[in-house]
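Trainee: sharing a model prediction with you, sequence too.
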Amino acid sequence: MSEMVTLTIDGRSAQAPAGTTILEAARGLNIDIPALCSNQELTPYGACRLCMVEITHGKRTRLVASCIYEVQEGLVVRTETERVNNVRRLVIELLLSRNPKHPRLLAIAERLGVDKSRFEVEVKGCILCGQCVRVCREVVGVSAIGFESRGTDRRISTPFNVAPVDCIACGSCAQVCPVDVIPFKEENGVRTIWKTNFELARCEKCGRYFAPMRQLAHFSRVTGLPLEHFTQTCVHCR
Amino acid sequence: MEALNVYAARLLEKNEYFTPGHRACQGCAEALAVRLVAKALGRNVMVASATGCMEIISSPLPFTNWQVPWIHVAFENAAAVISGVEAAYKALARKGRIKDRGTVFLGMGGDGATTDIGFQALSGAFERGHDFLYVCYDNEAYMNTGIQRSSSTPFGASTTTSPAGKKVAGQVTWKKNMAEIAVAHNVPYVATACSSYPFDLMEKVQKAAQTPGPAYVHILSVCPTGWRLPPNKAIWIGRLAVETGVFPLYEVADGRYRITVHVPELRPVEEYLKPQGRFRHLTPDLTAQIQERVTKEYRKLVAKTQFTY
């Protein structure tokens, strides 16, 4: 067990192990901070900026992203000040100008009292939180997708915009996406993701399609077991 | 989500809100279902629990397994209490005494507390349209008091109050279709789930919690003790219940049916009945009768999914 740090969040005293973030400590107190890019399984990233909080340490007061700021002894955190809400409102308006429809964004906007974005709407869908890229790299371990270009052209794509070579079609990116913009389809034994068709393996016992062949080949590579060990029967029939 | 199950397990919430160390029997799939429901709902939830296994095993004084606000109420009024909690919360938020944090209200009970004793309170709560979620953990009898039959006990099952003998072969009535009764109340979201399909279950519970208005989730929770099964077979028999069509997994959102776990071809019901001690006495005749009923009910369900309006 690591060392415990005492801090104050919204006037309440909290204890958190050193090395955890303000966001985690606040959630432990059941204080809800909106956040779209944080995920317990992934390294903190600080992309969406919705989780901004005001911290006072010594004499200075400033705004930080709570999902990447680690707790410190004696830190005073406030999560619902006027300054914080102004920043969050600006951020959600910027996000809404990229994706004006998704219920998750609309729910956050409603809570912050934002009806409509003051910026020109330019529908891109993706909010560039980077969860898909990090999942692919850290959880799945293949790095099949990444960011492309810079500035306003920044987007998620496969290398050279062609069928991804390393993708195992596991669908983790589509599942983790907070705004559900990664198209994912499964029909007649073919899974379509990243504009590429992947063949699914069929269970010899029950006849159900259960996993993409590429994913099973990946398991076989990682575990060092023969491919037949994975491709013959589904988990239900094993 | 069930199709993506390989990495999904690693991307779930890590905190436990129904912690280990409870006193459920070995292999209890109901405790597993409660854990998954608590995980799916997270920290921002209030729970009212009817009397039953889950209350007994999780709150032996002075301990508790619940990491969220939890209240134990009488057998019949879990739905009434949670609708009162919801109404009070709404009123306090309206008057500005508390801040509305979008808390989820969860009423829960076993099949006895839902289909028999708490039925009227639940029906009333549905009718009044409170914004709450009711989860029924259906283990098909009053297991807590020693396996007495309930109206959710399936036909032919032997329990201590419907024992199989020379004249009568166990339970003589068919299982009450509680999910269909909830649909008849015109509630916005109804689903059936099983703890053998964890991702499907969690997805449905989250969907139900996000739905404004009442929602109902009926979870088949295998009870190795009462079903006379070895504890290590609990998950397996739950899968068989779905694959034989005895307990199809579907959801009804705004009156539209959708089967969530597709079974290409139903397995014979015998595969599900045979391993269970409570069906040991069944003759081929009775098995055929059950098979006929299951096939008919499944066809009815499939027909409902094709119905559009």
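Mentor: Cool, got the structure. What you see is a predicted model; the values in this text were computed from it and never measured.
Trainee: what parts of chain A come near chain B?
Mentor: Neighbours of chain B within chain A, by C-beta under 8 Å from any C-beta of the partner chain: A:27, A:30, A:32, A:39-41, A:111, A:135, A:139-140, A:170-172, A:174-176, A:186, A:206-208, A:211, A:215, A:235-236. Where you see a C-beta, it was placed from the backbone N, CA and C, and this is true even at glycine.
Trainee: so which of the residues you listed are in strands?
Mentor: Residues of the residues of chain A next to chain B located in strands (DSSP state E): A:Glu186, A:Ala211.
Trainee: can you say which of the residues of chain A next to chain B are buried?
Mentor: Buried by 16 or more other C-beta atoms under 10 Å in any protein chain shown: A:27, A:32, A:39, A:41, A:135, A:139-140, A:170-172, A:174-176, A:186, A:206, A:208, A:211, A:215, A:236, out of the residues of chain A next to chain B.
Trainee: care to break chain A down by domain?
Mentor: A:4-112, A:131-231 (automatic domain parsing).
Trainee: out of those, which is closest to A:Val121?
Mentor: With C-beta to C-beta as the measure, domain A:4-112 is the member of these nearest A:Val121 (5.3 Å).
Trainee: can you give me the end-to-end span of the closest one?
Mentor: Distance between the two ends of domain A:4-112: 33 Å, counting by C-alpha to C-alpha, to the nearest Å.
Trainee: kindly report the same for stretch B:40-54.
Mentor: Stretch B:40-54 end-to-end distance (C-alpha to C-alpha) = 17 Å.
Trainee: so it, near chain A or not?
Mentor: Yes - counting by C-beta under 8 Å from any C-beta, chain A is contacted by stretch B:40-54 at B:Arg43, B:Asn44.
Trainee: how far out from the middle of the chain is that stretch?
Mentor: Averaging C-alpha positions (C-alpha atoms, centre = their mean, to the nearest Å) puts stretch B:40-54 13 Å from its chain's average.
Trainee: pLDDT on it, on average?
Mentor: What stretch B:40-54 shows for mean pLDDT is 93.
Trainee: could you do stretch B:205-212 as well?
Mentor: Stretch B:205-212 carries an average pLDDT of 93.
Trainee: what residues sit buried inside that stretch?
Mentor: Buried residues in stretch B:205-212, counted by 16+ other C-beta under 10 Å: B:Val205, B:Gln206, B:Lys207, B:Ala208, B:Ala209, B:Thr211.
Trainee: give me the neighbour count for B:Lys95.
Mentor: B:Lys95: 8 surrounding residues under other C-beta atoms under 10 Å in any protein chain shown.
Trainee: what does the pLDDT read for it?
Mentor: Reported pLDDT for B:Lys95: 96.
Trainee: for A:Val121, same thing?
Mentor: Per-residue confidence (pLDDT) for A:Val121: 89.
Trainee: return the residues of the stretch 51-200 of chain B in contact with chain A.
Mentor: Residues of the stretch 51-200 of chain B lying near chain A by C-beta under 8 Å from any C-beta: B:Arg101, B:Gly102.
Trainee: change it to 7 Å
Mentor: Selection of the stretch 51-200 of chain B residues close to chain A by C-beta under 7 Å from any C-beta of the partner chain yields B:Arg101.
Trainee: now the strands for the stretch 51-200 of chain B?
Mentor: Remark: strands assigned in the stretch 51-200 of chain B by DSSP state E, counting those that start in this stretch are B:70-72, B:104-110, B:133-138, B:189-194.
Trainee: the longest one versus strand B:133-138: what angle between them?
Mentor: So that's strand B:104-110. Angle, strand B:104-110 to strand B:133-138, by axes from the mean of the first three to the mean of the last three C-alpha atoms, to 10 degrees: 20 degrees.
Trainee: packing partners for strand B:104-110?
Mentor: strand B:45-49, helix B:78-94, strand B:133-138 (3 or more C-beta pairs under 7 Å, 6 or more residues apart in numbering or on different chains; DSSP states H and E).
Trainee: nearest residue to the middle of chain A?
Mentor: By C-alpha atoms, centre = their mean, the mean C-alpha position of chain A lies nearest to A:Gln131, the distance being 3.2 Å.
Trainee: list the contacts of the residue nearest to that one when sequence neighbours are not counted.
Mentor: Nearest non-adjacent residue to A:Gln131, counting by C-beta to C-beta, 6 or more residues apart in numbering or on different chains: A:Val176, 4.8 Å away. By C-beta atoms under 7 Å, 6 or more residues apart in numbering or on different chains, the residues touching A:Val176 are A:Asn39, A:Gln131, A:Cys132, A:Val135, B:Leu11.
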